[in-house]
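Student: Give the three-dimensional model of this entry:
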Amino acid sequence: MGSASSDAALGVGLNAMSSGAGLNGAPLRAAGDDAPMPLERALEGPERKIIERALERHGWSRQATADELAINRTTLYKKMRKYRLDGRTFDAGRSN
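Tutor: Take a look at the predicted model:
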């Protein structure tokens, strides 16, 4: 494929994505749902699970988790607050 046609195909894909549509022009949708969903919202569930599992692997150590995920500790903290993974989940599951 030539450079001009590659650029044109990429442009169509980018324009569709920036308008809230998938690569085929259809709106993004949640799995098993007919309502359109923005990509950022669709990725929240998987991102939360990835962070929670990494926290569990590291005994809820924020530094170790941030290192594993290759993100800044402050970014991890903000995401933990966003997804309400602020330690209460860990404390509730702990036996005294």
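Student: Tell me how the protein divides into domains.
Tutor: The chain resolves into domains spanning 1-38, 43-96 when parsed by automatic domain parsing.
Student: can you tell me which of those domains the model trusts least?
Tutor: Of all those, the minimum mean pLDDT falls on domain 1-38 (a mean of 53).
Student: Just the buried residues of whichever strand or helix holds residue 56, please?
Tutor: Per DSSP states H and E: residue 56 is located in helix 44-57. Going by neighbour count (16 or more other CB atoms under 10 Å), the buried part of helix 44-57 is 48, 51, 52, 54, 55. All C-beta spots, glycine's among them, are computed from the backbone N, C-alpha and C.
Student: Stretch 74-88 too?
Tutor: 76, 79, 80, 83, 85.
Student: Name the nearest residue to the first one, sequence neighbours excluded.
Tutor: By the measure of CB to CB, 6 or more residues apart in numbering, the closest residue to residue 76 outside its immediate chain neighbours is residue 66, 4.3 Å from it.
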